[in-house]
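Trainee: give me a model of this one.
(2 chains, ligands or ions: 2)
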Amino acid sequence: MEYINLNNLFPLRSSNFAKDEVFDVAVIGAGVVGTAIFKEFCEQGAKTVLVEKANDILDGASKGNSAILHTGFDAPPDTLEHECIQRGYEEYMKIKDDYNLPFLNTKALVVAWNDEQLGKLNAILKKGLGNGVKELDLLTHEQIIKREPNLSLDAKGAILVHGESLIDPWSAPLAYVKKGINCGGKTAFSHEVQDGSFNGKYWELKTSQKSINAKVVINAAGLYGDIVDKIKGTQDFKIIPRKGQFVIFDETAYNLINSIILPVPTKRTKGVVITKTAFGNILVGPTAEDQESRTDSQTVKETLEDLKNKAFHMLPSLKNHKVTATFAGLRPASDETFYRVSINNDKNWITAGGIRSTGLTSSLGLAKHIFELHDTRYEKNPKADEKVTVPNISEFAPRDNQKEGYGKIVCHCECVTEREIKNACHGELGAGNVGGLKRRTRAMMGRCQGFNCEAAVTQICKNEVENHE
Amino acid sequence: MNNIQIAIIGAGPAGLSAALELKKLGYDDLVVFEREDEAGGTPRHCGHLGFGMFEFKRVLSGPNYAKKLAKLAIDSGINIKLKSTLTKIENGVLTFSTPDGVKQYTPTCTLLTLGARETPRPDRLVSGTRSPDIITTGTLQRFAYLQKIKPFDRAVIVGSEIVSFSAIMSAKHAGIKIEAIIEEKDEIDTFCIIKYLVKYLLKIPVLTNTKLKNINGKDKKVTSVTVSSNEGEKEIPCDGVIFTGQFIPESSIMQKSFDDFNLSNNSLYISQNFQAKNDSFFVAGNALRGALAAFKCYFEGKKVAKSIHDFIRFKHEPELIKIEVDENISWYYPSMIDLKSPTKQHLTALRLKKREKGAIKVLLNGRMVYKKNIHAFPFMSTNIPWKDIELKPKDVIKLEFVRD
Ligand SMILES: Cc1cc2nc3c(=O)[nH]c(=O)nc-3n(C[C@H](O)[C@H](O)[C@H](O)COP(=O)(O)OP(=O)(O)OC[C@H]3O[C@@H](n4cnc5c(N)ncnc54)[C@H](O)[C@@H]3O)c2cc1C
Ligand SMILES: Cc1cc2nc3c(=O)[nH]c(=O)nc-3n(C[C@H](O)[C@H](O)[C@H](O)COP(=O)(O)OP(=O)(O)OC[C@H]3O[C@@H](n4cnc5c(N)ncnc54)[C@H](O)[C@@H]3O)c2cc1C
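Mentor: Ligands and ions are numbered 1, 2, ... in the order given. From the prediction side, this is the model:
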């Protein structure tokens, strides 16, 4: 019998530009931050290359998050983070329809579960208003229960944050890269930047494949941001990865809540959230655990149990539902709480590091900020206003299985079609690994975790990859 | 919108045998919907022998059994719509995704024979890495028998229900070496003869009283598992993990669509006629309460066909009372009694989660009316006789297990 493993199916990518090509800009890292920067610079007319060590986008911090589009009501006031969250949110609203990206304005409730927390609500409200978030209401116990009838009666009071919303954390960055490529941007996957030298005019970046030349380097290496930053000669910060574990419940639980349920934040973290996801589930998490490892995203039984119990306390009927998935994401936190964004004009080097826990929201705003820092004029790319769309995989809009001619449904739990899986295997932006395939289609991510479809998905991918080599 | 008399969802042994029986009873306005591109259900990928002895008086492999059933159905003119996935049940309207677009039907009567699946890793909250090489028996069977793929070289099997024996055979077929079977309980979860077979004939270590502590690995690949027992912790190198058993009905759509979902059975409350509170819906086969042998589902299909026949002929309004159970009971059927139906032999049949000695008590409106001493195994059912319990509308029946 033939040995075929999903992990080894996808061929390693090379790049499609000449070795002596000198780019205006090289962006290191294809997380949500790097992809947004890539898009911005390509649109602005800079000749840009996106360099990524993994064989696909979203291999680091950006693959596992809560997928909330934040208003910034609780952001540290007057910081770059605060500014970029609000700019990023605005920008997402401007482009989402053009790209076919989903958005659901569920609103959020910051719920006080005891008198101490209740006492903090006014301060949170004040901070929110100060942060320019105007649509905030204080809710009484009765008003909470009216809005969220399944929530525990222990809820004492809450702030309703009207703007907080949900998006698809995987399709958005995919759309950003696609747009960049459409404007002529180049990508170099499976190119790990290992070292570099600056000759006063441009950088020569040594990678695990060929060298890449660029006048300016933007470091968006997320969990490796401090290591990559050493290449410029000085290291200004240290990354301290912060793990966040999650428990995802079956779609049967989806209607138990209407809003995102946020806790009253403590100093370290925003705490455990209960929210719907764009994929029709309920998500509980994340934890906040500092660790040394930049790769260890293992889950721990006791922690998951604890998360479940906390959630059951807030939302008792969640007990009646099954767990569909468990996973962990790693935040690229640094030794300070603020974003580590800086420019070194002598070295033509820009750092976009330490984007810990709000990067999904802030990335589009951060990209604009960085372009302004860069302060160089290019001729605007003629395709900058052209529309580029990505397939919808969220539950907020019709999916492929509602449109005829899809072949058959392969993943039954998540209703993923044969057509979707095949399409995800192809093109410059096709899946580069199993994770990439899942994030483009949702295949194997449902309650049966591949009981029904993993074998078939493997076969389809094998055929697609072979037929297009 | 299409009006049909009977819709059967799921073309496994239960759905197909019900369709055959209904056809015999003269029902032509009947459609079987199946989400796969082939009828036959789960046996399609159970490549080993062990099917058909009671139904066809022959020993068949799963795939041959599935083919035979499908052929019988097609030959008798039953309309089977393949690649049709039921996605929604709302106000009597069934919505399907099909390659020809979204289709809706309003049947007079619907039979849900959706089957069951094993509980995969997440709901068991196991620590460790994530990998596509952490699978269930069902996945392994589909790799080995449907796609002819060997996904990894050596694996550890978690759990020792009878289905883990299927996992061993499927692994053997694919050329995968089984390093060990691990079981948390102090004995295996099926007839102990199987244990000796596995241990001495197949020479696979069966580690009881052993917990899976962690799945080790990196970059989405498994490298070993750490297990713990009273002898301490040890690491078993492997590149695959197979979770077996803990079947639960494929019932998310029921839980989403109906308000009377039974959490013990993970299915709807169902009367002795296989009928739900919403009386145009029937449930049978593994969709009722987890995995039984295929032949049982086949015969249940015939029984539910009779109930549907009766329901259509003498449409009576059921008078239902629910049976509730405590947390020791893994499943029970029926979970409701229809007082207007002829009394059945048994009140209900049940299984316990663990091997236990003790007594089952039947409480009627809080008062004990019957007690039965049992020595129960998790893989064997206990029948609770009806006896002379007099039941009236609005009665409350509860079953409790009390340990010795
Ligand atoms: C648990 C959790 C919950 C979160 N919830 C939210 C939320 O609800 N809303 C929100 O807005 N944000 C949220 N975030 C934050 C958001 O996910 C992060 O801020 C964001 O993902 C950071 O992205 P990044 O691009 O900076 O880093 P990364 O995603 O880590 O990207 C860096 C990329 O660089 C690559 N790379 C590294 N080194 C090299 C090298 N030497 N050469 C080439 N490539 C290299 C990596 O492979 C990686 O792909 C959450 C984060 C976590 C972990
Ligand atoms: C790994 C394994 C090994 C087994 N080994 C044996 C054995 O050796 N001997 C034995 O007797 N039994 C065995 N069984 C059990 C046997 O396969 C089942 O008891 C039997 O198949 C159950 O029949 P069923 O009709 O209830 O469900 P299934 O056979 O599971 O059929 C259910 C059907 O419903 C379809 N369906 C589900 N949801 C939808 C939807 N929304 N829309 C449309 N269609 C849908 C499914 O695709 C499936 O075809 C085994 C089971 C497993 C999983």
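Trainee: can you list the domains in the chain?
Mentor: No chain was given, so I picked chain A. A:18-103+A:167-238+A:335-389, A:104-166+A:240-334, A:400-467 (automatic domain parsing).
Trainee: wrong one, chain B
Mentor: With automatic domain parsing as the reference, chain B has domains B:1-119+B:247-315, B:120-243, B:318-404.
Trainee: which helix or strand in chain B has the lowest average pLDDT?
Mentor: In chain B, no helix or strand scores lower on mean pLDDT, DSSP states H and E than helix B:192-196, which sits at a mean of 80.
Trainee: for the helix or strand following that one, give me every contacting residue.
Mentor: The helix or strand immediately downstream of helix B:192-196 is strand B:206-207, counting by DSSP states H and E. The contact list for strand B:206-207, computed with CB atoms under 8 Å, 6 or more residues apart in numbering or on different chains, reads B:160, B:180-183, B:188, B:195, B:198-199, B:227, B:229. The C-beta positions use only the backbone N, C-alpha and C, and glycine is treated the same way.
Trainee: measure B:G10 to ligand 1 for me?
Mentor: B:G10 is 38 Å from ligand 1, where distance means CB to the nearest ligand atom, to the nearest Å.
Trainee: how about that residue, nearest residue that isn't a chain neighbour?
Mentor: Among residues not flanking B:G10 along the chain, B:T113 sits closest, at 4.0 Å (CB to CB, 6 or more residues apart in numbering or on different chains).
Trainee: got the phi/psi numbers for that neighbour?
Mentor: Note on B:T113: its backbone torsions stand at phi -120, psi 70 [degrees, to the nearest 10].
Trainee: okay, it: pLDDT?
Mentor: With respect to pLDDT, B:T113 scores 98.
Trainee: distance of it from ligand 1?
Mentor: 41 Å.
Trainee: pLDDT weak spots in the stretch 1-150 of chain B?
Mentor: Within the stretch 1-150 of chain B, no stretch falls below the threshold (pLDDT under 70).
Trainee: up against ligand 2, what does it have?
Mentor: For the stretch 1-150 of chain B, the contact set with ligand 2 under CB under 6 Å from any ligand atom comprises B:9-15, B:33-36, B:41-43, B:46, B:50-51, B:85-86, B:113-115, B:137-138, B:141.
Trainee: which residues in the stretch 201-350 of chain B form strands?
Mentor: B:206-207, B:211-218, B:221-229, B:232-237, B:240-243, B:248-249, B:261-262, B:267-268, B:281-283, B:320-325, B:329-333, B:336-338, B:346-352 (DSSP state E, counting those that start in this stretch).
Trainee: thinking again about what came up before, got a ChimeraX select line for the buried ones in the residues of the stretch 1-150 of chain B next to ligand 2?
Mentor: Applying 16 or more other CB atoms under 10 Å in any protein chain shown to these, the buried members can be selected in ChimeraX as follows:
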select /B:9,10,11,12,13,14,15,33,34,35,36,41,42,43,46,50,51,85,86,113,114,115,137,138,141
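Trainee: what comes up buried for the least confident helix or strand of chain B?
Mentor: For helix B:192-196, using 16+ other CB under 10 Å, the buried residues are B:194-195.
Trainee: so who does B:Q345 touch?
Mentor: B:385-386.
Trainee: cutoff 10 Å now
Mentor: B:272, B:383, B:385-386 (CB atoms under 10 Å, 6 or more residues apart in numbering or on different chains).
Trainee: and what of B:P393?
Mentor: B:P393 touches B:319-321, B:339-340, counting by CB under 10 Å, 6+ apart.
Trainee: picking that back up, so which of the domains of chain B gets nearest A:F371?
Mentor: domain B:120-243 (34.2 Å; CB to CB).
Trainee: what's the burial count for the residue in chain B that ligand 1 sits nearest to?
Mentor: The minimum distance from chain B to ligand 1, using CB to the nearest ligand atom, falls at B:D219 (12.0 Å). The number of residues packed around B:D219, counting by other CB atoms under 10 Å in any protein chain shown, is 11.
Trainee: test my guess that it contacts B:P132.
Mentor: No - counting by CB atoms under 10 Å, B:D219 does not reach B:P132; the two are 11.6 Å apart.
Trainee: need the overlap of contacts for these two.
Mentor: Counting by CB under 10 Å, 6+ apart, the residues touching both B:D219 and B:P132 are A:N7.
Trainee: so B:I194 makes contact with B:I188?
Mentor: Yes - counting by CB under 10 Å, B:I194 does reach B:I188; the two are 6.7 Å apart.
Trainee: pull up the overlap in contacts between those two.
Mentor: By CB under 10 Å, 6+ apart, the residues touching both B:I194 and B:I188 are B:160-162, B:164-165, B:206.
Trainee: and those residues, which two are furthest apart?
Mentor: Longest span within these, CB to CB: B:I162 and B:V206, 13.7 Å.
Trainee: pick out whichever of the two has more residues nearby.
Mentor: B:V206 (20 against 17).
Trainee: tell me the secondary structure for B:A19?
Mentor: State at B:A19, reduced to three classes by DSSP: H, G, I helix; E, B strand; the rest coil: helix.
Trainee: repeat that for B:L22.
Mentor: helix.
Trainee: near it, how many other residues are there?
Mentor: Once other CB under 10 Å is used to define contacts, B:L22 is seen to have 27 neighbours.
Trainee: and it, how far from B:G41?
Mentor: From B:L22 over to B:G41 the distance is 17 Å, taken as CB to CB, to the nearest Å.
Trainee: do the same with A:N467
Mentor: Between A:N467 and B:G41 the computed distance is 31 Å (CB to CB).
Trainee: quick revisit: next, the residue of chain B closest to ligand 1: phi, psi?
Mentor: According to degrees, to the nearest 10, B:D219 has phi 50, psi 40.
Trainee: need the pLDDT of it.
Mentor: pLDDT, read off for B:D219, is 87.
Trainee: check contacts around it.
Mentor: By CB under 10 Å, 6+ apart, the neighbours of B:D219 are A:7, A:54, A:295, A:433, B:129, B:131.
Trainee: what's near enough to touch A:L174?
Mentor: A:L174 neighbours (CB under 10 Å, 6+ apart): A:35, A:56-58, A:99, A:101, A:168, A:390-391, A:393, A:429, A:436, A:439-440.
Trainee: residues shared between the contacts of B:I162 and B:V206?
Mentor: B:188, B:194.
Trainee: list buried residues within the contacts of B:D219.
Mentor: Buried, going by 16+ other CB under 10 Å: A:7, A:54, A:433, B:129, B:131, out of the contacts of B:D219.
Trainee: distance to A:A384 and secondary structure for the residues you listed - can I get that in CSV?
Mentor: Below are these laid out as CSV (distance: CB to CB, whole Å; DSSP: H, G, I helix; E, B strand; the rest coil):
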residue, distance to A:A384, secondary structure
A:N7, 38, helix
A:A54, 28, coil
A:N433, 31, coil
B:T129, 42, coil
B:S131, 41, coil
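Trainee: which of those residues are close to ligand 1?
Mentor: Answer for those near ligand 1 (CB under 6 Å from any ligand atom): A:A54.
Trainee: out of the buried ones among the contacts of B:D219, the closest to B:R58 would be?
Mentor: Once CB to CB is applied, the member of those that ends up nearest B:R58 is B:S131, at 40.2 Å.
Trainee: can you give me the helices in the chain?
Mentor: By default, I'm working from chain A. A:32-44, A:80-99, A:115-130, A:141-147, A:171-182, A:225-229, A:301-314, A:359-374, A:418-424, A:434-441, A:454-467 (DSSP state H).
Trainee: my question was about chain B, not that one.
Mentor: Assigned helices in chain B, in chain order: B:13-24, B:62-75, B:121-124, B:137-141, B:162-174, B:192-196, B:252-257, B:294-313 (criterion: DSSP H).
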